[in-house]
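S.K.: Build me a model:
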Amino acid sequence: MYQQIAKNKRLSYFLIVIVTALLVVLGYAIGFAIGIGWFGLAIALAIAIGLGLASYYKGDAMVLAVSRAQPVTHDQAPQLYNVVEEMSIASGNPVPAVYIINDPAPNAFATGRNPEHSSIAVTSGLLEKMNREELQGVIAHEMSHVRNYDILFATLVGIMVGAIALMADFFLRWSFFGGARRSNNNDNGALGLILLVLALVMAILAPIAARLVQLAISRRRELLADASAVQLTRDPNGLADALQKIADDQEVLVEANRATAHLYIAQPIKKFGERSRGLFDTHPPIQERIKILRAMAHEGMAPTTGAA
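M.R.: A predicted model of the protein is given here:
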């Protein structure tokens, strides 16, 4: 388990490099295909930086607004606030802002750019259906995302994936409306045609590849957050019981969508989750996560800070 956690961290950084490389290669290929050379790469980087800055400073607000999350005070949700404060002390992080999503489906997510600017949102269904130990497990999982900087990590990867999709869509539309033919007519060399074909192939495959990388990173980060949560609570069964209740619950989280689904502790879109397997999963199989946590409880093991 400890070796897998360390491997997940290393692989996540490697996958970020892959997404960045896809962005650079796509910008380069499109730039030369449409006749603007290295300027295409400059545009690609400008798009990524612009979107990155916007999401870095306003991404959490947008996610919370889309999810219809409402801020709550200690007086409005005392048990939730107490658990958040307990897990903040255990993790050594500042207390994040606390939000509730008015939805009967049990689920939760964390967002923000760093521990000093973070938020944890839970559904009203989670508060109604979880006991204190289970709630601690869920909050510890989300606090682990904050402590491990997964919230920033997910934002940065999401921005690069979005930039790749935006550039690919622009180029495909440009080609569809005759831009490719005009560019080819202006360039009688075979090199121009080859670059055009390569750019079209990249425009189709790059967004798919980048999305697969993003999902792989998300799955690995969920496993790491489960293990880190046990560091905070010393109770693997609390999180395992919470995940089992979420898995057994039949409610559909209305406020979730495919843009925010990867943020939640478990796949919130039940119908999509039922038919999605393997490469396109946003989360590792929930029963696999429960099995790992049960094994940790059976062996009396809890990851130490140094091990993670």
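S.K.: all helices of the stretch 1-150 of the chain, in order?
M.R.: Counting by DSSP state H, counting those that start in this stretch, one finds helices in the stretch 1-150 of the chain at the ranges 2-33, 39-66, 78-91, 124-129, 132-147, 150-176.
S.K.: count of neighbours near the nearest residue to Ala29 once chain neighbours are set aside?
M.R.: With Cβ to Cβ, 6 or more residues apart in numbering as the measure, Ala199 is the residue that lies nearest to Ala29, at 4.2 Å, once sequence neighbours are left out. The C-beta positions use only the backbone N, C-alpha and C, and glycine is treated the same way. Ala199 sits with 27 neighbouring residues when counted by other Cβ atoms under 10 Å.
S.K.: How about the one 10 residues further on?
M.R.: As a burial measure, the neighbour count of Ala209 was computed by other Cβ under 10 Å and equals 15.
S.K.: That one looks like it's in a helix, true?
M.R.: Yes: residue assignment for Ala209, taken from DSSP: H, G, I helix; E, B strand; the rest coil, places it within a helix.
S.K.: in the stretch 151-300 of the chain, which spans are helices?
M.R.: Counting by DSSP H, counting those that start in this stretch, the segments of the stretch 151-300 of the chain that form helices are 179-185, 190-233, 236-248, 270-275, 286-298.
S.K.: quick one, phi psi at Val95?
M.R.: With angles defined as degrees, to the nearest 10, Val95 shows backbone torsions of phi -70, psi 120.
S.K.: and it, how many neighbours?
M.R.: The criterion is other Cβ under 10 Å. On that basis, Val95 has 15 neighbouring residues.
S.K.: mind checking pLDDT for it?
M.R.: At Val95 the predicted local confidence, pLDDT, stands at 95.
S.K.: Would you quantify the distance from the residue nearest to it when sequence neighbours are not counted to Arg289?
M.R.: Excluding the flanking residues, the one nearest Val95 by Cβ to Cβ, 6+ apart is Ser88, at 4.5 Å. Per Cβ to Cβ, to the nearest Å, Ser88 is found 23 Å from Arg289.
S.K.: Just say which of the helices of the stretch 1-150 of the chain is most tucked in.
M.R.: helix 132-147 (a mean of 25; mean count of other Cβ atoms under 10 Å).
S.K.: what angle do that helix and helix 78-91 make?
M.R.: Interaxial angle of helix 132-147 relative to helix 78-91 (axes from the mean of the first three to the mean of the last three Cα atoms, to 10 degrees): 50 degrees.
S.K.: which helices and strands sit right next to helix 132-147?
M.R.: When contacts are defined as 3 or more Cβ pairs under 8 Å, 6 or more residues apart in numbering; DSSP states H and E, helix 132-147 sits against helix 78-91, strand 108-114, strand 117-123, helix 124-129, helix 190-233, helix 236-248.
S.K.: ok, of these, where does mean pLDDT dip lowest?
M.R.: Per-stretch averages of pLDDT across the helices and strands packed on helix 132-147 put helix 190-233 at the bottom, with a mean of 76.
S.K.: Distance from the chain centre to that helix, please.
M.R.: Helix 190-233 has its C-alpha centroid displaced from the chain centroid by 11 Å (Cα atoms, centre = their mean, to the nearest Å).
S.K.: which strands and helices sit next to that helix?
M.R.: Against helix 190-233 (3+ Cβ pairs under 8 Å, 6+ apart) you get helix 2-33, helix 78-91, helix 132-147, helix 150-176, helix 179-185, helix 236-248, helix 286-298.
S.K.: residue contacts, the residue nearest to Ala29?
M.R.: Taking Cβ atoms under 8 Å, 6 or more residues apart in numbering as the criterion, Ala199 is in contact with 26, 29-30, 32-34, 171.
S.K.: Arg234: which of those residues is nearest?
M.R.: The shortest gap between Arg234 and any of the contacts of Ala199 belongs to Leu26, at 46.2 Å (Cβ to Cβ).
S.K.: Relative to Gln76, how far out is Ile286?
M.R.: The value you get for Ile286 to Gln76, if Cβ to Cβ is used, is 30 Å.
S.K.: more crowded one of the two?
M.R.: Higher neighbour count among Ile286 and Gln76: Ile286, with 18 against 12, using other Cβ under 10 Å.
S.K.: Determine how far the last residue of stretch 226-243 lies from the first.
M.R.: Counting by Cα to Cα, to the nearest Å, you get 10 Å between the two ends of stretch 226-243.
S.K.: per-residue confidence for the residue nearest to Met87 when sequence neighbours are not counted?
M.R.: In this structure, Met87 finds its nearest non-sequential neighbour in Met143, 4.4 Å apart by Cβ to Cβ, 6+ apart. Model confidence at Met143, given as pLDDT, is 95.
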